[in-house]
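# below are the sequence and a predicted model for it; my questions follow.
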Amino acid sequence: MILLGLFITLSIGWLFLDAINLDAKLFEKLGLSFIISSGIQTLFFFAIAEQSNNAAPRLYWITSAVLLVGLFLLKKYIRGSGPNSRFKSAESQSPLNLLGQLALIGVVALFMIISVYSIYTPVYVTDALALYDFRAKVMFLTGTLNSMHEVNNWMSYPPFTSLVHLFIRFLGSDNPHIFYTLMYLSFALVFYAHLNKYTTRTVSAIGTFAMYSSPIVLWQSRQPLTNLPYAIFLCSSIMYLLWAFSNRKVNLPPLLISALCLGLTSWVRITDPFWLVPFFVTSLLLFIRKEFLLMAIFIFISSSIRNVWLDHVARYSIIDIVRSSQSVISNIVSTPSSPASPIANPIAEPDPLLSRLSNPAVTAFAFFWPYFMDAVKPTILVFAPFIFIESFWFKNKSQIILLSMISLLFLSLWAGTVFASQTFFYWKELGNAVSRLSGLFVPLMWFYVFRSPFWKQFKLLQ
């Protein structure tokens, strides 16, 4: 049954990519099909289950059949309604030398090792036991989504991971680890394909192995948590964003995928601010190019997916994410310091606004920086020199955009830590959460490093 579920997942994703007319290599389409189909399936299932108050196995098969038939008909309609306008991809056709072959063998070997671990290891991580997997167990036993409303903390997290775990139970297994292992391999295929659009196959293979073997992300690939899917959706959105703007004319299929993946980040984690970075960068680039229709499409797709969970929370929970955010910001700006506070001075004038903002910012930075560095080592030791190489040597516009987004993501992590420090009294216990979230920087850093023209001067890598 697991193999049947895998076939259905790949088929739904493949039909969707055909429907939007994406031109990609076989391995990229396979990897991307698995990634986006997991989001499409869970979204559609949730929408129907919410209306019907039914989350039984039969609904999974019905929604899967509807998606397969609907996407097949959509594909036929689009292909028959006009000329084929697919963009030709620009993958390098250079041969794969011995170094590249060894790198790909290393990826396969790591995948096999992780797969064995995933198959024989039960769920044991606290967050999964208490929330993600436990929520799926309750939904499986009750046959409804009502369990999400009974524990208010459960409404703080969108149901993507729990629905994936629920599907796996429908398919006859109670171990969700293998999904994350397959998703990581799928992302490796997409990562390799995107590197190959900018550099040789050998460099692409080495870069993929470097990314795939990175400690923090490799650890996340065998844990049933939200961190890996969130990082994969966000990084995929950014990579397809860069592809969409690689020519003078905006490439529509990658832009649609970027919008979909960006929306799906909010289907995994709703409160993290990282989605704002590709959202505003893409909107700005489309505005500069005067592609207002495409900008409207991008905003609609990414925002609609985000609103699916926000609307559900508004109906069933007392949690108000936007209002609580505004309250925290207001507290930082306007709340006077306590006379007992070490920074208070009864003689001096009240602290200016800049001081009220900088004090929490400095404290938060000092807290999260060690956890961030621990997560991105050793990647950052390679990434940091390439910032100077790219900035002062090659000055590639696409690389500048990518570096800008990585920098803005870092500032978002900092801002999120400031937010937590003003919201939760136990915020200094969130170091592990910061470390896990920092894992999303690793694929982007390796992508920045290995798509650089710097590698073209080494004959061994050609």
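Sure, I can see it. Residues are numbered from 1 along each chain as shown.
# least trustworthy helix or strand in the protein by mean pLDDT?
Per-element confidence for the chain was summarised using mean pLDDT, DSSP states H and E. The lowest value among helices and strands belongs to helix 321-334, with a mean of 44.
# contact partners of the helix or strand following it?
With elements assigned by DSSP states H and E, the helix or strand that comes after helix 321-334 is helix 353-376. For helix 353-376, the external contacting residues (C-beta atoms under 8 Å, 6 or more residues apart in numbering) are 216, 332-333, 343, 351, 380, 383, 410, 413-414, 417-418, 420-422, 427-428, 431-432, 434-436, 438-439, 441-442, 445. (C-beta placed from N, C-alpha, C; glycine too.)
# check which helices and strands the next helix or strand after helix 353-376 is in contact with.
Sequence order places helix 379-389 as the next helix or strand after helix 353-376, per DSSP H and E. Under the contact definition 3 or more C-beta pairs under 8 Å, 6 or more residues apart in numbering; DSSP states H and E, helix 379-389 sits against helix 441-450.
# got the angle for the helix it packs on vs helix 379-389?
40 degrees (axes from the mean of the first three to the mean of the last three C-alpha atoms, to 10 degrees).
# measure the nearest residue to residue 121 once chain neighbours are set aside to residue 186 for me?
Nearest residue to residue 121 in three dimensions, chain neighbours excluded: residue 177, at 6.1 Å (C-beta to C-beta, 6 or more residues apart in numbering). Computed as C-beta to C-beta, to the nearest Å, the residue 177 to residue 186 distance reads 15 Å.
# ok, those two, which is more surrounded?
More neighbours surround residue 186 than the other of residue 177 and residue 186, with 26 against 23 (other C-beta atoms under 10 Å).
# show me which positions of the helix or strand hosting the more buried one end up buried.
Assigned by DSSP H and E, residue 186 belongs to helix 177-195. By neighbour count on 16 or more other C-beta atoms under 10 Å, the buried set for helix 177-195 is 177-195.
# that helix: what's the following helix or strand?
Using DSSP H and E, the helix or strand that follows helix 177-195 towards the C-terminus is helix 201-212.
# on that earlier part again, buried members of the contacts of helix 353-376 into PyMOL, please.
If you want just the buried ones from those in PyMOL, going by 16+ other C-beta under 10 Å, the selection is:
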select buried, resi 216+332+351+383+410+413+414+417+418+420+421+422+427+434+435+436+438+439+441+442+445
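# check which helix or strand residue 225 maps to.
Per DSSP H and E, residue 225 falls between elements, in no helix or strand.
# measure it to residue 117 for me?
Here residue 225 is placed at a distance of 15 Å from residue 117 (C-beta to C-beta).
# between the two, who's got more neighbours?
Higher neighbour count among residue 225 and residue 117: residue 225, with 19 against 14, using other C-beta under 10 Å.
# how far does stretch 366-375 sit from the chain's center?
The gap between where stretch 366-375 is centred and where its chain is centred comes out at 20 Å by C-alpha atoms, centre = their mean, to the nearest Å.
# check which residues of it are buried.
By neighbour count, and taking 16+ other C-beta under 10 Å as the criterion, the buried residues in stretch 366-375 are 367-368, 371-372, 375.
# before we move on, what about stretch 141-153?
Under the neighbour-count criterion of 16+ other C-beta under 10 Å, stretch 141-153 has 144-145, 147-148 buried.
# what's in contact with it?
46, 49-50, 53-56, 131, 135, 138-139, 154-155, 159, 162, 316-319.
# now list the buried members of the residues you listed.
46, 49-50, 55-56, 131, 135, 138-139, 154-155, 159, 162, 317.
# turn those into JSON lines, columns for distance to residue 28.
JSON lines is the format used below for the buried ones among the contacts of stretch 141-153 (distance: C-beta to C-beta, whole Å):
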{"residue": "46", "distance to residue 28": "27"}
{"residue": "49", "distance to residue 28": "31"}
{"residue": "50", "distance to residue 28": "33"}
{"residue": "55", "distance to residue 28": "33"}
{"residue": "56", "distance to residue 28": "35"}
{"residue": "131", "distance to residue 28": "33"}
{"residue": "135", "distance to residue 28": "33"}
{"residue": "138", "distance to residue 28": "37"}
{"residue": "139", "distance to residue 28": "33"}
{"residue": "154", "distance to residue 28": "35"}
{"residue": "155", "distance to residue 28": "36"}
{"residue": "159", "distance to residue 28": "28"}
{"residue": "162", "distance to residue 28": "29"}
{"residue": "317", "distance to residue 28": "39"}
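# now the residues you listed in CSV, with pLDDT, distance to residue 69 and secondary structure?
Formatted as CSV, the entries for those read as follows, by pLDDT from 0 to 100; distance: C-beta to C-beta, whole Å; DSSP: H, G, I helix; E, B strand; the rest coil:
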residue, pLDDT, distance to residue 69, secondary structure
46, 95, 19, helix
49, 92, 19, helix
50, 89, 22, helix
55, 90, 21, coil
56, 90, 20, coil
131, 89, 34, helix
135, 91, 30, helix
138, 91, 31, helix
139, 92, 26, helix
154, 79, 33, helix
155, 82, 33, helix
159, 92, 25, coil
162, 94, 26, helix
317, 62, 34, coil
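# picking up where we left off before, and the angle from the helix holding residue 186 to helix 441-450?
Computed with the same axes, to 10 degrees, the direction of helix 177-195 lies at 20 degrees from that of helix 441-450.
# what's the angle between helix 177-195 and helix 201-212?
With the same axes, to 10 degrees as the basis, helix 177-195 and helix 201-212 are set at 150 degrees to each other.
# tell me the mean pLDDT over helix 177-195?
For helix 177-195, the per-residue pLDDT values average out at 95.
# number of nearby residues for the closest residue to residue 235 other than its chain neighbours?
Once its chain neighbours are removed from consideration, residue 235 has its nearest residue in residue 443; the separation is 4.6 Å (C-beta to C-beta, 6+ apart). Applying the criterion other C-beta under 10 Å, we find 27 residues in the vicinity of residue 443.
# residues in contact with residue 443?
187, 191, 211, 214, 217, 231, 235.
# would you agree the fifth one is in contact with residue 188?
No: with the criterion set as C-beta atoms under 8 Å, residue 217 and residue 188 do not qualify as a contacting pair; they are 10.1 Å apart.
# between those two, which contacts overlap?
Jointly contacting residue 217 and residue 188 under the rule C-beta under 8 Å, 6+ apart are residue 211.
# how about the helices in the stretch 151-300 of the chain?
For the stretch 151-300 of the chain, helices defined by DSSP state H, counting those that start in this stretch occupy the ranges 160-170, 177-195, 201-212, 215-220, 227-244, 252-268, 276-288, 292-316.
# just put the ones you listed in CSV and tack on distance to residue 22.
As requested, those are exported to CSV (distance: least, C-beta to C-beta, whole Å):
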stretch, distance to residue 22
helix 160-170, 23
helix 177-195, 11
helix 201-212, 19
helix 215-220, 25
helix 227-244, 9
helix 252-268, 4
helix 276-288, 17
helix 292-316, 15
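# so residue 12 versus residue 109, what's the distance?
30 Å.
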